[in-house]
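# Curious how this folds, go ahead:
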Amino acid sequence: MSAEWLYEAGIGEERAIYVANGAILSARLDWGETVKPGLVAPARLVMRHAGSRRGVVRLEDGTEALIDQLPREATEGVPLTVRIVRSAIAERGRTKLPVARNAPGDEPRPAPTLREELEASGARVRPMPSGSGEFSRHGWDELVGQAMSGEIAFAGGALLVSATPAMTLFDIDGSLPPLKLSLAATGAIADALHQLDIAGNIGIDFPTLSEKKDRQHVDTALGDALLDWQGEKTSMNGFGFVQLVARLERPSLVSRFARDPAGAMARQLLRRAEAVREPGALCLEAHQRVLDAITPAWEAELARRTGRTIRRRADIAMGLHAAHVQAVPL
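Next up, the predicted model:
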């Protein structure tokens with residue numbers, strides 16, 4: 001079976017998975033942000049760093065964005081047309097502003113939807129009814145679990161993935177001897193980069209390998225695993241650390257779920273609700289924070305799509321990730 005993107009227009013999010021032979025090769029999420037790559041919009045330069053071509057612009061909706069490559073004559077207060085090249089990246093405790101480029105002569109236009117972006121790349125995109133079961137059949141629920149927990153098992157060990165302010169960090173844990181554990185982890189790391197949509201600065205903390213030849217062995221294995229990955233890689237240092245760098249345009253699944261776990265779980269709960277086939281009202285049972293993240297518009301859309309009455313049942317004893325939905329008598 002040839003590889004293709006499966007796409008769902010979910011409630012509160014668009015999601016897509018690139019699949020082949022029943023497995024997810026890559027995944028993408030969009031939570032409805034309007035200021036993201038592809039947006040061309042009027043803006044005003046509100047700050048310019050002295051002696052540089054960098055500054056801050058403010059869009060008409062009030063959103064601020066970093067900008068570089070400013071023309072020399074641009075002064076604070078001047079109107080500009082800008083193109084967004086990186087979304088805001090929300091992390092624990094702070095948010096990195098979007099990044100813009102000056103786009104003189106370009107006509108303002110909204111950013112493409114996830115589906116439009118994938119179709120514009122020439123890829124084959126097959127829309128699926130939300131809750132059809134196709135995503136789950138290919139392993140979507142397991143992938144969401146990995147993004148939420150930050151833990152990815154592989155034969156002989158596990159990757160622990162953390163979205164830190166400086167970089168996405170991979171730690172490798174397991175009981176195998178250090179060289180065998182490191183080699184076993186390389187394929188899982190490469191898969192995770194694609195499946196969890198990870199880019200930007202990435203650090204990999206391998207077990208310490210005292211022999212240079214062992215470090216070179218792992219470097220070669222990791223390089224082979226990353227053949228179809230676009231980015232740069234350093235060689236392993238004496239402490240087992242490798243750094244990867246790839247162009248960052250949007251938040252990864254890991255950073256989205258780490259920053260807003262309640263919102264992420266709310267979206268997954270709504271997706272599960274669309275898949276319920278038993279008759280009756282839909283009862284959403286979850287921690288109060290998860291239920292609070294479900295907006296009235298999202299609940300109304302769930303009722304419209306399913307033709308059901310929607311009920312909520314809060315249980316503060318439930319973990320954020322333990323939410324579930326069931327059909328109950330009217």
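
# isn't Ser235 right up against Gln243?
No: taking C-beta atoms under 8 Å as the definition, Ser235 is not a contact partner of Gln243, at 9.6 Å. Bear in mind the C-beta positions are built from the backbone N, C-alpha and C, glycine included.

# So which of these two has more stuff around it?
For the pair Ser235 and Gln243, the greater number of neighbours falls to Gln243 (15 against 12), based on other C-beta atoms under 10 Å.

# Tell me the confidence at Arg259?
Looking at Arg259, its pLDDT stands at 87.

# Now the phi/psi pair for it, please.
phi -70, psi -40 (degrees, to the nearest 10).

# okay but it is in contact with Ala88, surely?
No: using C-beta under 8 Å, Arg259 is not in contact with Ala88, being 10.5 Å away.

# Setting aside sequence neighbours, what's the nearest residue to Trp140?
With sequence-adjacent residues excluded and distances taken as C-beta to C-beta, 6 or more residues apart in numbering, Trp140 is closest to Ile17, at 6.4 Å.

# Kindly provide the distance from that neighbour to Ala147.
Distance of Ile17 to Ala147, given as C-beta to C-beta, to the nearest Å: 13 Å.

# surely Glu60 meets Thr34?
No: Glu60 is beyond contact range of Thr34, at 11.3 Å (criterion: C-beta under 8 Å).

# The closest residue in space to Ala9 that isn't next to it in sequence: neighbour count?
Nearest residue to Ala9, sequence neighbours excluded (C-beta to C-beta, 6+ apart): Ser130, at 6.4 Å. Ser130: 19 surrounding residues under other C-beta under 10 Å.

# just Ala327 next, same as before
Residues near Ala327, counting by other C-beta under 10 Å: 15.

# so which helix or strand takes in it?
Using DSSP states H and E, Ala327 sits in strand 324-328.

# for the record, mean pLDDT for that strand?
Averaged over strand 324-328, pLDDT sits at 92.

# buried ones in it?
Val325 (16 or more other C-beta atoms under 10 Å).

# What lies in contact with it?
With C-beta atoms under 8 Å, 6 or more residues apart in numbering as the test, strand 324-328 has contacts from 269, 272-273, 276, 278-286, 311.
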